[in-house]
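Colleague: predicted model, plus sequence, below.
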Amino acid sequence: MINLTIDNQKVAVEAGTTILEAARKVGVKIPTLCYLKDLNVIGACRICMVEVQGARTFIPSCVAPVAEGMVVRTNTPAVIAARKLVLELILSDHPMECLTCLRNQNCELQDLAKEFGITEVRFDGAKTEYPIDDSSPSIIRDPRKCVLCRRCMSVCTNVQTVQALCAENRGFDTLIAPAFNEKLANMECVNCGQCSLVCPTGAIVERDDTAKVWAALADPKKHVVVQTAPATRVQLGEAVGAEPGSIFTGQMVAGLRRLGFDKVFDTDFTADLTILEEGNELLQRVTTGGTLPMITSCSPGWIKFCEHFYPDLLAHLSTCKSPQQMFGALAKTYYAKKAGIDPADIYCVSIMPCTAKKYECRRPEMNSSGYQDVDVVLTSRELGRMFIQAGLDTTNLPEEEYDEPLGISTGAGEIFGASGGVMEAALRTVYEVVTGQTLENIDFEVCRGLTGVKEATVQVGDLSVKVAITNGLGNARKVLDKIRAGEADYHFIEVMCCPGGCIGGGGSPIPTNTEIRLKRIDATYTEDERMVLRKSHENPAVTALYEEFLEKPLGHKSHELLHTHYTPRGVNK
Amino acid sequence: MVACNCGCDDELTKQLDKIIDPYRGNPGGLIQVLTKAQNLVGYLPKWVQIQIAEGLGVSLQEVFGVITFYAFFSLIPRGRHKISVCAGTACYVKGTKMVLKTLRELLDIKPGQTTPDSRFTLEQVRCIGACGLAPAMIIDGKDVHGRLEPEIIPGVLEQYA
Amino acid sequence: MKSLDELAKIKESRRAALKIREGVPSATEKAHVMMCGGAGCISSKCLEVVDAMKEALSKNGIAEQVQIILTGCMGPCDMGPVAIVYPDATFYRRLKPKDAEAIVEEHIMKGNLVQRLLYRAPGAKEPTPKVTDIDLFAKQKKIVLRNNFYIDPTSIEDYIANDGYAALGKALTQMQPAEIIEEVKKSGLRGRGGAGFSTGMKWGFTAAASGSPKYVVCNGDEGDPGAFMDRSVLEGDPHSVIEGMAICGRAIGAEQGYVYVRAEYPLAIERLDYAIQKARENGLLGKDILGTGFNFDIEIRIGAGAFVCGEETALLTSIEGKRGEPRPRPPFPANAGVWGKPTVLNNVETWANIPEIILKGAAAYAAIGTEKSKGTKVFALAGRINNTGIIEVPMGTTLREIVFEIGGGIPRKKAFKAVQTGGPSGGCIPADYLDTPVDYDSLGALGAIMGSGGMIVLDEDSCMVDIAKFFLDFVVDESCGKCSPCRIGTKRMYEILDNISKGKGKEGDIELLVELATTIKATALCGLGQTAPNPVLSTIRYFRKEYEEHIRDKKCACNVCELEE
Ligand SMILES: Cc1cc2nc3c(=O)[nH]c(=O)nc-3n(C[C@H](O)[C@H](O)[C@H](O)COP(=O)(O)O)c2cc1C
Ligand code: SF4
Ligand code: SF4
Ligand code: SF4
Ligand code: SF4
Ligand code: FES
Ligand code: FES
């Protein structure tokens, strides 16, 4: 243990701890901007400077390790003045358009300006002038608002290993962008939105599509249906100001009705359907010698990643569409027919924790109903904004139920939102379908949690099923490289693009960090336990769907509506 | 090989591959490869960057980030002769401004630009280590011309066709 | 070469051949002409003089009896091309090709010195023919540049003849690694790259650090835009750097070294590359050096034009092929350097001192200089001064001696105004402090720094606001952009200065500059930003009146700034 003094308090911490972490331990808050625990520790912004006795300069607490006998002062007048001037400098190169900024009131830079009581910026020199990139269906980059903290770059490079962004030029001209300042839409960017999640400012934000939805709701000719992704239940509360880990399922349904949606359905329903299609596809591959391991395909960021970086492995991908796209295809066929509505009049909205879904719904192959299956995708953040715009007191809304039939679901569908959930749901079903026996303990703990690569072997009848679960694309890479090298003997792999799975998706409320991800995961399994039905094949609405419409898993109609194909894209193309 | 339309050139592509070969799969060689590639091609167009990125096993972003960090690398074609006017302290104190003014008048270009006939590219550099001869300039990275005065500059330029 | 004996043999035989350069006439050779082949003299067309001389020698049939050797920079670049003719050690200057005949036919053949080409001290009637009598050289003390008058930088034998690689031999055969480090510590040698950190201590830390392999790195980025000392060493005596690095390799247990040289120095790169090759061929680099079982080799890495790459962490990152952005320290390179491994990084000049310290002993070295700054320092003198070029003086020499005695004072009878040391990280020292001894601590106390050795002399016609703006412009251009105080702060300082210089300054600007400067110094990530405000602070400190004139009276007394109406 290392002993030091911070603001006259004695502190003992482990060697290697930073001054910042040590200070937090004793309740001393030091402001930060570029720092992101474990992800971006580069000491660039210089907001977290502190005074260390004997040091020639101030010391950046976020990167400086503690030392024995160190005497730290975090709030001397000189320190405060220095931080304030650095902040003033940062603001002198910032457009200050808070009132028209998506991150207004949820912006780390704005918070700092408030905390430091900045009332004036004394410098009126040159400002960064790079054009806004709104080419991507998912995220919008505005380099003018960028403080060059490089969090986005760190996440894209180290966590997602996409490397769509780099630091370009130097000095005042430095820019964080794709090479040649290329438009993101032309890049290997997988639209995961993780960059927008970590950006402290409004320099990378989700594309806001709420106007389209308001317009559809206002259009009397449109029958507007909405589906909500599994993870949104444990996110929406946060988006309207509740504590992380709050479960807002019923309030969300009620709120959506009040906004004027004609039907409030649930992506959990098609999640259950996915299990039946994908489970059967797996069994078919195993019994007929198809390509193994099979890899899940419900995460559109992951799909694009595979198309760019592992086009040679596309045959491993399950051909199942994601639950959101299955839903869209059914909404404009099965549901339209059942409800007697012209599919041309149905406007299909998705509420997703995900920015990549905005891209997915625009893929040309996603119109098997004859129309664009899903018309628009809103992230949890956007729906939160709509609720607030509508003046809803979301927290106190009476809880309501989803509409039938596309709103009926099981706990298995629900856990799709957390890393390992798809695998667990699949195991619950595959086990019973194959063995014909009831599964005693349906909680597959090995599938759960934030570990990057999880592995398990599950005995299903005669077959030892070997599975792997990854979250975050950097972790997917590890397993994919094994497949490429011929060293992977898995049957089934779940890949989720975002760290923690969809509960940590790029459309999640901000902030989203490890601690908050864990809380959302806990909430997800709580929801699962609360459900009466917890296995996808027990979903009565799914059974009815097969009986009334699809006939059987992997049948002709399924293939038409629920399965898809992929496009090898490569890199630097 | 299939002809493509990205501006690359078969022969150059082969030579570039030779430059890359000793560093294949080794990102640490990036700056060395870029230096040699620029000497070969004259500048670093996108196809060169992609070939290097793929050869060394790094992303195009990484390559581009490095290129735009170092003043020595150029993304655009340059003239046959590079005039680097020293803007180091000693030269500045003794007349860099005069040298630049004279060159701008003679060539009608600003630092960073190339003459329309592709004969000269003009740039400012920081100290070429010939402070004793200030003000100085260096042409084509090797010929130092020192103790410059407005009258002698035209004669210097004449030596470069 | 497999043993010390072989080294000694080469030394003996070569030394005999070089007696002539020590003033001993030779039976077989008439003369050795040491023609300066430094960058300065090359651009003054010394190579044409060499050609003319060769022609004159052939014409007179004595080509076999005269050697012409191209050396590294001899120092007085301003007088170039310069040459020394041995055995008489006659110094000639401002040579033109047409002078070659006279030197050959009069001096070499008949022993008559060519009067018009000799050096004359300012004001003196009589010339000073002998190089060692010239005041300019007599006041200097050469350790780093010990070989520059004597050896052919492309001849490893020449280097060996003048005790070259003897220190390495001693370090490998007679000293334990810890003793080597102890010796360097005792010598008091401080890093010549600017910060002046104890070299011995740095080696000690690296030796003690866990992790292997370890590396030895030479910083030859020489980024100060008014400095060319390191270039002179690399061009004139590359083996001294190689030898110093190898000794360190032995001391810390490293087998690989890198020399990072800026791309703007093609001749230095060429000479160093050649020297490394020769050292390998002679078994002084590579495996089993001098038969001792010690392995050490060196690779050259060429910089690509970024001043910040002189900063140690940036340099190490750049060696790895990345953007040369500094990173926070700790960890220091001693613990995590190239490829994350323990690394010693020293400046070219620092390295060139090492063989002398090991060979002659720490005590002899420590006898030179001041209490806290030992040894000599090489400076590049330039600007408004008569003798521009490279000089080497004992630490503690006063600025006055440097500027007025060695440097020959200010041209055209202008008044001295200030000397700028340390380039963009340093400051200006005005006339009042001319008697300050040049050492790390005295300069620091004045708000300037020793820096790497760039010394720019300014006269009454130099506007200090303009000088401050020049350096700020430089750092704005060269800031890597990683940390906000430097990226934005230096830009804002430049903008304020630019306004002042254009007559658009406001009351309060000086105070705002000082506020910015103080904060940037205290908060920037690396040395670039931490020192970038120094030129502004020091000019405000000593020449505040000039700033006020620009701001209040909208005038530039020196007529340098272009004020807008
Ligand atoms: C911006 C900046 C530029 C530097 N440039 C050089 C340089 O060109 N050459 C050099 O030797 N040291 C330079 N240094 C100092 C190095 O970081 C380092 O301290 C030095 O090379 C260590 O060697 P020494 O102990 O032998 O001086 C620079 C430092 C900074 C902050
Ligand atoms: S990024 Fe933050 S500080 Fe900047 S305009 Fe938006 S809300 Fe305001
Ligand atoms: S959306 Fe994902 S892939 Fe695209 S730039 Fe952001 S982090 Fe990278
Ligand atoms: S875009 Fe956002 S996260 Fe990325 S560097 Fe800029 S401010 Fe930081
Ligand atoms: S001080 Fe300047 S050069 Fe150094 S890290 Fe900061 S921005 Fe880069
Ligand atoms: S938070 Fe420490 S430097 Fe940015
Ligand atoms: S280059 Fe010849 S004296 Fe300096």
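Modeller: Thanks, I have the structure now. No experiment lies behind these values; they were computed from the predicted model shown. Residues are numbered from 1 along each chain as shown, chains lettered A, B, ... in the order given. Ligands and ions are numbered 1, 2, ... in the order given.

Colleague: quick one: low-confidence ranges for chain C?
Modeller: Where chain C drops to pLDDT under 70, the residues are C:565.

Colleague: domain map for it?
Modeller: Using automatic domain parsing, the domain ranges for chain C come out as C:4-138, C:156-366, C:376-459, C:464-553.

Colleague: just chain A next, same as before
Modeller: Under automatic domain parsing, the residue ranges defining each domain of chain A are A:2-75, A:125-206, A:210-562.

Colleague: so which helix or strand takes in the closest residue to residue C:114 other than its chain neighbours?
Modeller: Once flanking residues are discounted, residue C:114 sits nearest to residue C:102: 4.8 Å by Cβ to Cβ, 6 or more residues apart in numbering or on different chains. The C-beta positions use only the backbone N, C-alpha and C, and glycine is treated the same way. Taking DSSP states H and E as the criterion, residue C:102 maps to helix C:100-102.

Colleague: now that helix: buried residues?
Modeller: Neighbour-count burial for helix C:100-102, counted by 16 or more other Cβ atoms under 10 Å in any protein chain shown, picks out C:100-102.

Colleague: circling back: quick one: which of the domains of chain C is nearest ligand 7?
Modeller: Ligand 7 sits nearest to domain C:4-138 of all the domains of chain C, at 2.5 Å, using Cβ to the nearest ligand atom.

Colleague: state the helix or strand in which residue C:299 lies.
Modeller: strand C:294-302.

Colleague: nope, residue C:35 is what I was after
Modeller: Assigned by DSSP H and E, residue C:35 falls within strand C:31-36.

Colleague: CA atoms only for the next helix or strand after that strand, dumped as CSV, please.
Modeller: On the C-terminal side of strand C:31-36, the nearest following helix or strand under DSSP H and E is helix C:39-43. The C-alpha coordinates for helix C:39-43 follow below in CSV (Å, rounded to 0.1, in the frame of the first residue of the first chain):
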residue,chain,number,x,y,z
ALA,C,39,27.4,21.5,-44.5
GLY,C,40,28.3,25.2,-44.3
CYS,C,41,31.5,24.9,-46.3
ILE,C,42,29.9,22.5,-48.7
SER,C,43,27.4,25.1,-49.5
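
Colleague: give me the helices and strands touching helix C:39-43, please.
Modeller: Other elements packing on helix C:39-43 under the criterion 3 or more Cβ pairs under 8 Å, 6 or more residues apart in numbering or on different chains; DSSP states H and E are strand B:143-145.

Colleague: single out the residue in the stretch 301-450 of chain C that lies closest to ligand 2.
Modeller: For the stretch 301-450 of chain C, Cβ to the nearest ligand atom, closest residue to ligand 2: residue C:325, 24.2 Å.

Colleague: and that residue, helix, strand or coil?
Modeller: Recorded secondary structure, residue C:325: coil (DSSP: H, G, I helix; E, B strand; the rest coil).

Colleague: pLDDT averaged over stretch A:555-564 - what is it?
Modeller: In this model, stretch A:555-564 has a mean pLDDT of 97.

Colleague: rewinding a little: how about the domains of chain A in TSV, adding mean neighbour count and distance to ligand 5?
Modeller: Formatted as TSV, the domains of chain A follow (neighbours: other Cβ atoms under 10 Å in any protein chain shown; distance: least, Cβ to the nearest ligand atom, whole Å):
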stretch	mean neighbour count	distance to ligand 5
domain A:2-75	19	8
domain A:125-206	22	7
domain A:210-562	21	27
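
Colleague: of these, which approaches ligand 4 most closely?
Modeller: For ligand 4, the closest of those is domain A:125-206, at 3.2 Å, according to Cβ to the nearest ligand atom.

Colleague: does that closest one reach chain B?
Modeller: Yes. On the criterion Cβ under 8 Å from any Cβ of the partner chain, domain A:125-206 is in touch with chain B at A:163-170, A:178-180.

Colleague: ok, whichever residue of the stretch 251-400 of chain A sits closest to chain B - contacts?
Modeller: Proximity of the stretch 251-400 of chain A to chain B (Cβ to the nearest Cβ) peaks at residue A:309, 10.4 Å away. Neighbouring residues of residue A:309 by Cβ atoms under 8 Å, 6 or more residues apart in numbering or on different chains: A:188, A:477, A:480, A:571.

Colleague: out of the domains of chain A, nearest to residue C:254?
Modeller: The closest of the domains of chain A to residue C:254 is domain A:2-75. By Cβ to Cβ, the value is 25.5 Å.

Colleague: number of nearby residues for whatever residue of chain B ends up closest to ligand 3?
Modeller: Nearest residue of chain B to ligand 3 (Cβ to the nearest ligand atom) works out as residue B:61 at 10.1 Å. The number of residues packed near residue B:61 is 26, by other Cβ atoms under 10 Å in any protein chain shown.

Colleague: where does it land in three-state SS?
Modeller: Here residue B:61 is helix, with the state taken from three-state DSSP.

Colleague: that one: what's it in contact with?
Modeller: A:163-166, A:178-179.

Colleague: so which of the domains of chain A is nearest ligand 3?
Modeller: Proximity to ligand 3 (Cβ to the nearest ligand atom) singles out domain A:125-206 among the domains of chain A, at 3.2 Å.

Colleague: now do the SS call for the residue in chain B that ligand 1 sits nearest to.
Modeller: Distances between chain B and ligand 1 by Cβ to the nearest ligand atom are smallest at residue B:127, namely 10.3 Å. For residue B:127, the secondary structure call by three-state DSSP comes out as coil.

Colleague: can you check residue C:481 too?
Modeller: Here residue C:481 is coil, with the state taken from three-state DSSP.

Colleague: and it, how far from residue A:40?
Modeller: 16 Å (Cβ to Cβ, to the nearest Å).

Colleague: now residue A:169
Modeller: 20 Å.

Colleague: would JSON lines of the domains of chain C with distance to residue A:466 be doable?
Modeller: Formatted as JSON lines, these follow (distance: least, Cβ to Cβ, whole Å):
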{"stretch": "domain C:4-138", "distance to residue A:466": "65"}
{"stretch": "domain C:156-366", "distance to residue A:466": "36"}
{"stretch": "domain C:376-459", "distance to residue A:466": "61"}
{"stretch": "domain C:464-553", "distance to residue A:466": "45"}
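
Colleague: which ones are touching the residue nearest to residue A:12 when sequence neighbours are not counted?
Modeller: Among residues not flanking residue A:12 along the chain, residue A:1 sits closest, at 4.6 Å (Cβ to Cβ, 6+ apart). Applying Cβ under 8 Å, 6+ apart to residue A:1 gives the contacts A:12-15.

Colleague: re the thing from before, now intersect the residues of domain A:125-206 next to chain B with the strands, please.
Modeller: Among the residues of domain A:125-206 next to chain B, DSSP state E puts A:166-168 in strands.

Colleague: could you dump those residues to a markdown table with distance to residue C:153 and pLDDT?
Modeller: Below are those laid out as a markdown table (distance: Cβ to Cβ, whole Å; pLDDT from 0 to 100):
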| residue | distance to residue C:153 | pLDDT |
| --- | --- | --- |
| A:166 | 41 | 97 |
| A:167 | 40 | 98 |
| A:168 | 40 | 97 |
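
Colleague: and those residues, which is closest to ligand 6?
Modeller: residue A:167 (15.4 Å).

Colleague: the closest residue to residue C:440 other than its chain neighbours and residue C:521, how far apart?
Modeller: In space, not counting the residues next to it along the chain, residue C:440 is nearest to residue C:196; the distance is 4.3 Å by Cβ to Cβ, 6+ apart. Separation of residue C:196 from residue C:521 (Cβ to Cβ): 18 Å.

Colleague: and which of the ones in strands among the residues of domain A:125-206 next to chain B is nearest residue A:432?
Modeller: Closest approach between these and residue A:432, by Cβ to Cβ: residue A:166, at 49.1 Å.
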